[in-house]
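# Task: produce atomic coordinates for the following.
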Amino acid sequence: MASRAQTINVTCPSCKQPFVTDIHQIIDVGEEPALKWKLLSGQLNVATCSHCGMAGILGMPFAYHDPDKELLYVFVPGESGLMADDQQKLIGALTQDVMNSLPAEKRKAYLFSPQTFILLDSLINAILKADGITQEMIEAQQKRSKLVNELLQAKDDDEKLKELVESHSHEIDYEFFQTLTAMAGAAAEEENQELATALIGLRARLLKLQSPAAPPDAQPQIDPVDGTMTREELLQQLRDTEDDGQFEYLVAVGRPIIDYAFYVHIANLIEAAEKESRQDEAKSLTALRDRVLDLTARLDKEVQESLNEANELLVQFVQADDPAAAIREQIDRLSDMFFYVLTANIEHLSKEEGEEKANMVARLQEIARLAGDALEERMPAPLKLVNRLLRTEQADAQAELLDREASHVNQEMIDIIDALIAQFEPADRTPMVEQLTAIREMVVARISDAPANADEQG
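This next block holds a predicted model:
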């Protein structure tokens, strides 16, 4: 087989001890598709020293062959130090190995003019572009994969891991955890249980240090990490729906898993359909892919514009001499995104030390209180009462408040609480849900007792 592994001797650059490792010089994804993901995720030709545990990618030349796309790429790293003639001999030898592994009827013209790369990133970009992946998606995924590997190297050093998490906190987001889980899944599929276990362990530790911020919309989030929906299931739902509104909703809530792996999956289905002469299906999938690309671009732009507006508004309030008056003037612009940005800034600055940071946190907390009060003034009386109950921690004080506001303790209040619970449950806001549930029980108890009390008084 063309993609067979070869065993070579390596000297560890750290401890200088010799050890053996397996490498691939021919990657034929027609024979072993898993090698493609291994290459894209930075796990191909990685050697781990059996003496000191140091790991790193070996700068070894190799040929990448995709017969379905008629691609033949040869990677000759610049650090190999080979002269031009030696490079040509090596390229010729690798090309000949690929051709020799194929039956005569599959030896096509593209095999005689392989494209050569001296940078691994350039090779990976070419592979992904052939899959219909945009440059922006490529760059974002490469950054995530690189960060995963950096964190993996530091997983046994608590201090170093914490420093890395703090310095890359803005990058360790929802999509980062998707990438991490996908890499663990790929490792498990390749029966590399050691790597899969290490990646899952890293994910668990990262979740303790920093939870991924979900997108700030109020819709239920699709989280493939927790097994709610996979990319394949999302794609199937998109293919099944004929309603434009439902299609947009699925794209919006599924945005965290609409990444380069999602588009690779579509590309593979398109290839399979074309290979089996199912042209209508291939055209349908291509149109769906283009539609999703256009829609996510629009949604991302809208979110970014909303985020920019929220940031500008927050700066305006921070700089205002009278923030309460500024908030009242701009109250119609206090969106969910504004409070998301406000909360994120408070949480971020609270982790930093220094008097200036502490003063800014106090300023932001005051803005949060003033904004909450301003919105509360506009709320219906039952919703205003729920907010006051949430700010009242002691059960006895909550009971007294309910007794004082008995005229608003009714079915409308229960409906409002149920709506809030339905909003916060999918976002994993467990403490808030528990508070609301406890308040609901108190309200229900008072409504149930009301007829009996009225009869007694009559």
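# Give me the distance between the nearest residue to Lys69 once chain neighbours are set aside and Gly201.
Ranked by Cβ to Cβ, 6 or more residues apart in numbering and with sequence neighbours excluded, the top spatial neighbour of Lys69 is Ala130, at 5.4 Å. To be clear about C-beta, it is placed using only N, CA and C from the backbone, and glycine gets the same treatment. Counting by Cβ to Cβ, to the nearest Å, the separation of Ala130 from Gly201 is 34 Å.
# so the residue nearest to Lys69 makes contact with Asp68?
No - the pair Ala130 / Asp68 is not scored as a contact, 10.1 Å apart, by Cβ atoms under 8 Å.
# Find the residues that touch each one of the two.
Common neighbours of Ala130 and Asp68 are not found (criterion: Cβ atoms under 8 Å, 6 or more residues apart in numbering).
# how about the strands in the protein?
Counting by DSSP state E, the chain has these strands, from start to end: 6-11, 18-23, 26-28, 46-48, 55-57, 62-66, 71-75, 115-117.
# Just checking: what are the partner strands of the third one?
Each strand paired with strand 26-28, and its direction, by DSSP bridges: strand 62-66 (parallel).
# Show me how far the strand it pairs with is from its chain's centre.
Using Cα atoms, centre = their mean, to the nearest Å, the distance from the centre of strand 62-66 to the centre of the chain it belongs to is 29 Å.
# Can you tell me the closest non-neighbouring residue to Lys143?
Among residues not flanking Lys143 along the chain, Glu171 sits closest, at 6.8 Å (Cβ to Cβ, 6+ apart).
# ok, that neighbour - contacts?
Glu171 sits next to 143-144, 147 when contact means Cβ under 8 Å, 6+ apart.
# Turn those into CSV, columns for pLDDT, distance to Ser50 and neighbour count.
Putting the contacts of Glu171 into CSV (pLDDT from 0 to 100; distance: Cβ to Cβ, whole Å; neighbours: other Cβ atoms under 10 Å) gives the following:
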residue, pLDDT, distance to Ser50, neighbour count
Lys143, 80, 31, 14
Arg144, 81, 29, 24
Leu147, 87, 27, 18
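# where do the helices sit along the stretch 351-458 of the chain?
Read by DSSP state H, counting those that start in this stretch, the stretch 351-458 of the chain holds these helices, from start to end of the chain: 355-378, 381-391, 395-404, 411-424, 430-457.
# model confidence over the shortest one, on average?
Looking back up the chat, that one is helix 395-404. Per-residue pLDDT values across helix 395-404 average out to 86.
# quick one: it to helix 381-391, angle?
Computed by axes from the mean of the first three to the mean of the last three Cα atoms, to 10 degrees, the angle separating helix 395-404 from helix 381-391 equals 160 degrees.
# buried set for helix 395-404?
Taking 16 or more other Cβ atoms under 10 Å as the basis for neighbour counts, the residues of helix 395-404 that come out buried are 398, 402.
# Show residues contacting that helix.
Applying Cβ under 8 Å, 6+ apart, the set of residues contacting helix 395-404 is 385, 388-389, 392, 409, 438-439, 442-443, 446.
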